[in-house]
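Novice: next comes the sequence, and after it the predicted model I'd like to discuss.
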Amino acid sequence: MIDKAFTLTRRHGLIAAVALSVTAFAAPALADTTLLNVSYDPTRELYKAYDEAFAAYWKEKTGETVTIEQSHGGSGAQARAVIDGLEADVVTLALAADIDAIAKKTGKVPADWATKLPDNSTPYTSTIVFLVHKGNPKGIKDWDDLIKDGVQVITPNPKTSGGARWNYLAAWAYANETFGGDEAKTRDYVGKLFQHVPVLDTGARGSTTTFVQRGIGDVLLSWENEAFLAQKELGPDQFEIVVPSISIKAEPPVALVQGNSDKKGTTKVAQAYLDYLYSDPAQKIIAKNFYRPAKPSAVDPADLKLFPEVKLVTIDDPQFGGWAKVQPTHFADGGVFDQIYKPGQ
Amino acid sequence: MANAASFAWRKPSVIPGFGLTLGFALLYLSLIVLVPLVGLVAKTASLGWPQFWAIATDPRTLAALRLSFGASAVAAGINAVFGLIVAWVLVRYEFPGKRIIDAMVDLPFALPTAVAGIALTAIYSPNGWIGVYAAKLGIKIAYTPIGIFIALVFIGLPFVVRTVQPVIEDMDREIEEMAATLGANRFKTVFRVVLPTLVPALLTGFALAFARAVGEYGSVIFIAGNIPYVSEIAPLLIVIRLTEFNYAAATAIATIMLGLSFVLLFAINLLQAWSRRRLGHG
């Protein structure tokens, strides 16, 4: 029996060896400089376009060829990868709390990273909207429609996804306003909302797939840019965007991971990579990819028209008190999210 | 010379140097298996008993462990039954396309598990090819423990087939023919003659499929729905604890899984040794 098992492992070993040698040969040695941008789920398309623009700009300015590698995943998981040693030159994550965690755990990012770039180091913002099926069959207009009988809500897991935390906080902001700051009622609302969630994906892109491709659920709580993208990719004849009465100003920040870039000798170009995000051409790319630009004046007014006026609460609002407070209160093990989820079983 | 003589009790081997090979084996095993596992346990040990106990008995941890081990056991059991049938058909029958089917059995080995998960979810979700019919019958497959079970059956199948197959190949047909000439009906031949020979191999296949299923992540998280207390597997809970930067809790759950797996595999090994001794087959 033992040697039978060995044949199994031997076969595996062979496959692994072949796979390894293939990767070894395929590894390119072309670029002068390579940057690694560790980002979160829904920025794939944005950074694909931006990286191209930046590489061209840098080539023209310095003659250097720069290649940018992208890594995407749930924001929390990405932050953990950087903490565990993924050599990111820059991080462009969904939450300030995730970059704070990198700063705190590794010291590779200075504690005051948010002050290093304009607008709290957020070159673009977004918000949380609802994506519903064409014709809005369940008549979903605002947050209170989400907890009606028979409505299924799709959102990723706030434990693993930055977007999901914005979803959660947007719902919280709505309930806080509706119930005049009564915390018990607010918790009750958010708890009920999560009882209407049949699938908790680990990242925002996964949730979009669940809703759009698998046809699960009546409403997707989504980044505004992700909702526009889903609509664009699948044709506007299938999905509609519903803008709730109140939402949150989602601020996905960027930071230089100087501990890594100093070691790799890429600090100068990595810093330029982040600075260029605030340039006019970059802001145009940002708006084209459905993120709200930090500098609206740089953008074609037609692109701005996409973004509806909506009452936005920020993370620094007194009900939240910033990420440093929100993170442990709501999302740590045993925090408010865990408490309100328990009765859901 | 004297030295060589004193080692003469040793059987000559193709690879020279017992000390060298043993040393290599130990070093290699240590680097690849033992050291990481000791690190895991050491990290957990930094917790202290009360905290460890609190994590271990947390209802959510228990629910996730129950689901992971329960679904894995059922899936491995199903694989033991149907994997045996597949192996039997592949060895004993000739039919067109046999070699293709034989090769297909290995696909779950080679396929990235995430691909498997996405494919299974697409098929079994309420608007998928199969899921749509199940939904008409009022059965939800994807995003429930049933979906998890299907993913675990998928990834476990080759383990049973590939462990049982060679044993069937080695079995003498004459023994079955002998049983038949001695008056045993087919039922009796299968349950008294064929199956006992295969029990140790089946147990090994079951153990391998089970062990693989317990640790499975990629194929499961897409189809599971990941609802705490309902369809959240233990490996996902570990990942969630890690993204909370709660390394101690993550390693604690991992250690519990390691311990449970070890005990179960050890029990299966004992059972296998016992059945081999009792039935006298290898």
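Specialist: Yes, it's here.
Novice: do stretch B:80-94 and chain A meet at all?
Specialist: No: judged by C-beta under 8 Å from any C-beta of the partner chain, stretch B:80-94 and chain A are separated, with a smallest distance of 11.8 Å. In this view, the C-beta of every residue, glycine as well, is placed from N, C-alpha and C.
Novice: how about residues contacting that stretch?
Specialist: B:98, B:101-102, B:105, B:156-157, B:159-161, B:164-165, B:168-169, B:198, B:202, B:205-206, B:209 (C-beta atoms under 8 Å, 6 or more residues apart in numbering or on different chains).
Novice: how about 7 Å then?
Specialist: B:98, B:101-102, B:105, B:157, B:160-161, B:164-165, B:168-169, B:198, B:202, B:205-206 (C-beta atoms under 7 Å, 6 or more residues apart in numbering or on different chains).
Novice: same question, stretch A:80-87
Specialist: A:36, A:38, A:88, A:91, A:101-102, A:105-106, A:257, A:260, A:264, B:242-243, B:245.
Novice: switch the cut-off to 8 Å
Specialist: Outside stretch A:80-87, the residues that reach it (C-beta under 8 Å, 6+ apart) are A:36, A:38, A:71, A:73, A:88, A:91, A:101-102, A:105-106, A:108, A:257, A:260, A:263-264, B:242-243, B:245.
Novice: just the mean pLDDT for that stretch, thanks.
Specialist: For stretch A:80-87, mean pLDDT rounds to 90.
Novice: centre of the chain to that stretch, how far?
Specialist: 17 Å (C-alpha atoms, centre = their mean, to the nearest Å).
Novice: please pick the buried ones from the contacts of stretch B:80-94.
Specialist: B:102, B:105, B:157, B:160-161, B:164-165, B:168, B:198, B:202, B:205-206 (16 or more other C-beta atoms under 10 Å in any protein chain shown).
Novice: returning to that earlier point: can you name the two of the contacts of stretch B:80-94 that are farthest apart?
Specialist: Using C-beta to C-beta, these span at most 25.0 Å, a distance reached by B:Lys98 and B:Phe206.
Novice: re the thing from before, okay, and which of the contacts of stretch A:80-87 map to helices?
Specialist: A:101-102, A:105-106, A:260, A:263-264, B:242-243 (DSSP state H).
Novice: name all residues that make contact with the nearest residue to A:Ala332 once chain neighbours are set aside.
Specialist: Among residues not flanking A:Ala332 along the chain, B:Glu244 sits closest, at 6.2 Å (C-beta to C-beta, 6 or more residues apart in numbering or on different chains). Residues near B:Glu244 by C-beta under 8 Å, 6+ apart: A:76, A:159, A:331-333.
Novice: most neighbours out of those, which is it?
Specialist: A:Gly76 (32 neighbours; other C-beta atoms under 10 Å in any protein chain shown).
Novice: quick one: contacts for it?
Specialist: A:98, A:159-162, B:243-244.
Novice: separation between it and B:Val33?
Specialist: Distance of A:Gly76 to B:Val33, given as C-beta to C-beta, to the nearest Å: 29 Å.
Novice: hmm, who's touching stretch A:36-46?
Specialist: A:47, A:51, A:68-75, A:78, A:81-82, A:86-94, A:161-163, A:203-206, A:208, A:223, A:225-226, A:229, A:252, A:273, A:285-286, A:289, A:291.
Novice: at 6 Å instead, please
Specialist: For stretch A:36-46, contacts defined as C-beta atoms under 6 Å, 6 or more residues apart in numbering or on different chains pick out A:68-72, A:75, A:78, A:82, A:88-94, A:162, A:203-205, A:223, A:226, A:289.
Novice: inside strands: which ones of the residues you listed?
Specialist: A:68-71, A:90-92, A:223 (DSSP state E).
Novice: buried ones among these?
Specialist: Buried among the ones in strands among the contacts of stretch A:36-46 (16+ other C-beta under 10 Å): A:68, A:90-92, A:223.
Novice: between those residues, which is closest to chain B?
Specialist: Minimum distance to chain B across those is 14.7 Å, recorded for A:Val91 (C-beta to the nearest C-beta).
Novice: who does that closest one form a beta bridge with?
Specialist: A:Val38, A:Ala255 (DSSP bridges).
Novice: need the contact list for it.
Specialist: Contacts of A:Val91 by C-beta under 6 Å, 6+ apart are A:38, A:99, A:255, A:257.
Novice: what residues of the helix or strand where B:Ala273 lies count as buried?
Specialist: For B:Ala273, the host element (DSSP states H and E) is helix B:247-279. By neighbour count with 16+ other C-beta under 10 Å, helix B:247-279 contains the buried residues B:247-258, B:261, B:264, B:268, B:272, B:275-276.
Novice: JSON lines for the contacts of B:Glu244, including secondary structure?
Specialist: Listed next are those as JSON lines, based on DSSP: H, G, I helix; E, B strand; the rest coil:
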{"residue": "A:Gly76", "secondary structure": "helix"}
{"residue": "A:Lys159", "secondary structure": "coil"}
{"residue": "A:Phe331", "secondary structure": "helix"}
{"residue": "A:Ala332", "secondary structure": "coil"}
{"residue": "A:Asp333", "secondary structure": "coil"}
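Novice: chain A contacts on the stretch 51-200 of chain B?
Specialist: B:125, B:127, B:143, B:162-163, B:166 (C-beta under 6 Å from any C-beta of the partner chain).
Novice: buried subset of the residues you listed, written for ChimeraX?
Specialist: Typed into ChimeraX, the line below selects the buried ones among those, using 16+ other C-beta under 10 Å:
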select /B:125,143,162,163,166
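Novice: between which two of the residues of the stretch 51-200 of chain B next to chain A is the distance greatest?
Specialist: B:Asn127 and B:Pro166 (41.8 Å).
Novice: just the strands from the stretch 101-250 of chain B, written as ranges.
Specialist: Assigned by DSSP state E, counting those that start in this stretch, the stretch 101-250 of chain B shows no strands.
Novice: what's the helix or strand where B:Leu40 lies in contact with?
Specialist: Counting by DSSP H and E, the element that carries B:Leu40 is helix B:35-45. The contact list for helix B:35-45 (C-beta under 6 Å, 6+ apart) reads B:251-252, B:254-255.
Novice: which of those sits closest to chain A?
Specialist: Out of the contacts of helix B:35-45, the member with the shortest distance to chain A (by C-beta to the nearest C-beta) is B:Ala252, at 11.6 Å.
Novice: how about that closest one, nearest residue that isn't a chain neighbour?
Specialist: B:Ile55 (4.5 Å).
Novice: correct me, but the one you found touches B:Ala248?
Specialist: No: with contact defined as C-beta atoms under 6 Å, B:Ile55 does not reach B:Ala248; the gap is 8.0 Å.
Novice: what do these two both touch?
Specialist: Common neighbours of B:Ile55 and B:Ala248 (C-beta under 6 Å, 6+ apart) do not exist.
Novice: just the mean pLDDT for the strand ranked longest in chain A, thanks.
Specialist: Using DSSP E, we find that the single longest strand of chain A is strand A:124-133. What strand A:124-133 shows for mean pLDDT is 96.
Novice: given that strand, what are its sheet partners and their directions?
Specialist: strand A:219-223 (antiparallel), strand A:239-242 (antiparallel), strand A:246-250 (antiparallel), strand A:292-293 (antiparallel).
Novice: most tightly packed of the ones you listed?
Specialist: strand A:219-223 (a mean of 27; mean count of other C-beta atoms under 10 Å in any protein chain shown).
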